[in-house]
Every structure is written in C-alpha cells, then in structure tokens.
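model this:
(4 chains)
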Protein chains: 2
Amino acid sequence: MLSKKTKYAFHALTYLGKHRDQKTVLIQDISEEYGISHKFLENILLELKKAGILGSKKGKGGGYYLIKDPKDIPLSKVIRLLDGPIALLPCVSLNYYEPCVECKDESKCGLKNVMIQVRDEMLNILENKTLADILDKE
Amino acid sequence: MLSKKTKYAFHALTYLGKHRDQKTVLIQDISEEYGISHKFLENILLELKKAGILGSKKGKGGGYYLIKDPKDIPLSKVIRLLDGPIALLPCVSLNYYEPCVECKDESKCGLKNVMIQVRDEMLNILENKTLADILDKE
DNA sequence: ATAAAACCTATAAAAATTATAGGGTTAATG
DNA sequence: CATTAACCCTATAATTTTTATAGGTTTTAT
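Next up is the predicted model:
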C-alpha cells in the first residue's frame, strides 16, 4: 500500500493542478481541503519542490505552484520520491535494488521472475499515467 | 514491498514443495536453509496451516507438509494472508476495502481509476501464478 | 515595521513489523 | 510409561518505519 505521504502528495498535486489559474496556492488551502495536518503537508510539499515538481514563492502572498505540465509528471515519480521502491521485492527494484540476504543465488530464485513481471506491469501503468490523467477524471 | 513474513512464507513453501517426497519437513530445516529465526518462521508456518495451505504432524518425527497441489496455491493467497491488501490504496482493495477518510466523494477521485488498473494488472499475475510456477524455476 | 508565508531540521508519538520467550500438547520410541 | 522431539499457542519485547509536531529562520508584500 502507498503511504499516506504519497497519497497526500497526489492530493496536493491534484489540487495544485486544479488551481493552475492562480499564481500560488497556500499549504493551508490544501491541508484544509483534505483535512491533512498543515505541518505534515508542508514537509511533503518541500520534497516535491526539491524534486523539481513544484515551485514556490516565499513571503506574504506566496505559496506553491506546479512547475511542470501535469502530463510530464508520471505517477511513478511521485511514488518513488515519497515511498521508495515500486517493486514488491528489493531484488527486483530498478531504482532501489538490494539483494535479499537470505538468497544464496539470486539467479536461482523462483520468485524473482514473477516479481519482475509484476513490477513491469505496474511500471507500464505508473510510468505512463501522469497527473494529467488524474486531473481529467476530477 | 512485501514484508519479510510474506517473503519467508514463499521461501518456506518453496522448500516444502521441493521436498514433497518426504512425509514432513522440520521448521528447523527451513530456518537453517534460509537463515530465518526458528521462532519467527514457526509463527508463519502456523498461519499457513490455519489457512489450509499446510498440514502438520505433531510429536516426534513430526513436521510440516504441503496439503495442496502447488498449482492450487496462487501467490495472491499467500500475500493476502501475511501482508494484507495487494492494492495500493485501501479504497480499491477487493479483500480489505476501506474508504480514504480524506475523500469527500470517492466516485470523484481521479486516483482511483488508475489504482484500479494497477490492482487488476497485479492480480492478473498474482492470482494466476502459483507455487508451481515458482518451483518450476528452481 | 509588520505580518504572512515558505524553509529547515530536529524530535516526538504512534503504528507496524520483526523477533523472542516460555510453557502446552501430542506422538513416537525404547 | 518415561523420555524426547516436535508442533501449538499466546503474550510480549525490540526494532523500524511512518506519521505528526515543534519551533525557529528567511523572505517578501504592504
């Protein structure tokens, strides 16, 4: 399951996408809309900013805004940023690979093949679906 | 990511599948093979037994054995048993559904559609691949 | 100057996962 | 029939991860 952090990030991005007409959006607006703690959300938005997804303006009248076109924000990027690996096992993760300590010979692990399939199917969707697809439905 | 519990369950089932010629297999044999704590594994095997996947024999000379044909043990069953939901969001889980508290109107959530797709692709593999498929590769 | 807002880092609280502990029950065997 | 080996059961401890809070810093509009 996705963490709350990731889910909240999606909600925030959706909200920002819906309000692209205005220059900036306040953390507070988003946190009130979804009932998310202001401070918790603040950390999430900061991460999204550092990852180059959001821009911000400090000071009075400031706030956050989307810095990219929604269609250029794949869902996989957000998940990886806040949740880490998408794969079900560390040994088949493309971005967060780690060997399974209990596996003597990874090439002989029968699980691995299936988990690669699962990963690829997940990525096939999550790399190609973007924030734009979410916005379309709302 | 799958929990260690689930991963260990798969390892144990694989081991049991490989040793179907013998009447029973000791917890200890499995725990030594994979370097898993005996007691931790014991709990896992108990759960698999209660779920009707394994049988056991108590007392001296006892142990565990597969009670089902490997091809009748879909991977999804093991994951759900030990890890819970396969879906990425509670609101699209078939077996562990829960609404997202922050969603005022679930039917208007743009995330939901994509997450249903992801779930279905995952299930398409995990419901159809079985322990037999894992054993084939080992 | 003041107020409003993001920025930053640390820490606390809660929850989930992983692991251990210890006795109970069952059954084979000499 | 005593002993030993094995699973059974439940509780709790330890660890890790996630979630949340706290409090000050910097920036900017007015």
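
show me what from chain A comes close to DNA strand D.
Neighbours of DNA strand D within chain A, by CB under 7 Å from any atom of the strand: A:3-5, A:36-37, A:39-40, A:42-43, A:57-62, A:83-84. C-beta here means a position set from N, CA and C on the backbone, and glycine is covered the same way.

from the residues you listed, which are also near chain B?
Residues of those in contact with chain B (CB under 8 Å from any CB of the partner chain): A:36, A:84.

which of the residues of chain A next to DNA strand D fall in strands?
Applying DSSP state E to the residues of chain A next to DNA strand D, the entries found in strands are residue A:57.

restricted to buried residues, select the residues of chain A next to DNA strand D in ChimeraX.
The buried residues among these can be selected in ChimeraX (16 or more other CB atoms under 10 Å in any protein chain shown) with this line:
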select /A:5,36,42,83
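
just give the nearest non-adjacent residue to the spatially most central residue of chain A, would you?
Most central in chain A under CA atoms, centre = their mean is residue A:78, positioned 1.6 Å from the mean C-alpha point. Of all residues not flanking residue A:78 in the chain, residue A:9 sits nearest, at 5.4 Å (CB to CB, 6 or more residues apart in numbering or on different chains).

what about the one you found, distance to residue A:39?
Distance of residue A:9 to residue A:39, given as CB to CB, to the nearest Å: 15 Å.

same check, this time on residue A:80
Counting by CB to CB, the gap from residue A:80 to residue A:39 is 24 Å.

quick check: residue A:38 touching residue A:27?
Yes. Assessed by CB atoms under 8 Å, residue A:38 is found in contact with residue A:27 at 5.9 Å.

ok, those two, which is more surrounded?
residue A:27 (20 against 12; other CB atoms under 10 Å in any protein chain shown).

let me see the contact set for the more buried one.
Residue A:27 makes contact with A:38, A:41, A:42, A:45, A:63, A:64 under the criterion CB atoms under 8 Å, 6 or more residues apart in numbering or on different chains.

report the longest helix in chain A, please.
helix A:110-126 (DSSP state H).

which positions in the very next helix or strand once past that helix come out as buried?
Counting by DSSP states H and E, the next helix or strand C-terminal to helix A:110-126 is helix A:131-137. By 16+ other CB under 10 Å, the buried positions in helix A:131-137 come out as A:131, A:133, A:134, A:135.

export those residues to TSV and tack on pLDDT and distance to chain B?
Shown next, in TSV, are the buried residues of helix A:131-137 (pLDDT from 0 to 100; distance: CB to the nearest CB, whole Å):
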residue	pLDDT	distance to chain B
A:131	98	9
A:133	97	6
A:134	97	4
A:135	97	6
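
between those, which sits nearest residue B:91?
For the buried residues of helix A:131-137, the residue nearest residue B:91 by CB to CB is residue A:134; the value is 14.2 Å.

find the nearest non-adjacent residue to that closest one, please.
Using CB to CB, 6+ apart, the nearest residue to residue A:134 is residue B:110, at 3.7 Å.

burial measure for that neighbour, as a count.
20.

outside of stretch A:50-59 itself, list whatever touches it.
Against stretch A:50-59 from outside (CB under 8 Å, 6+ apart): A:13, A:16, A:23-24, A:45, A:48-49, A:62-68, A:73, A:77-78, A:81.

buried subset of these?
A:13, A:16, A:45, A:48, A:63, A:64, A:65, A:66, A:73, A:77, A:78, A:81.

which two among those residues are spaced furthest apart?
That would be A:63 and A:77, which, of the buried ones among the contacts of stretch A:50-59, are the farthest apart (CB to CB) at 22.0 Å.

how much space between the residue lying closest to residue A:89 once chain neighbours are set aside and residue B:26?
For residue A:89, ignoring the flanking residues on the chain, the nearest one in space by CB to CB, 6+ apart is residue A:115 at 4.8 Å. The gap separating residue A:115 from residue B:26 is 28 Å, by CB to CB.

show me which of the two is the more surrounded one.
Between residue A:115 and residue B:26, counting by other CB under 10 Å, residue A:115 is the more crowded of the two (25 against 13).

isn't that one up against residue A:88?
Yes. Residue A:115 is within contact range of residue A:88, at 5.3 Å (criterion: CB under 8 Å).

how many residues are close by residue A:113?
15.

quick check: it touching residue B:135?
No. With contact defined as CB under 8 Å, residue A:113 does not count as touching residue B:135 (11.8 Å).
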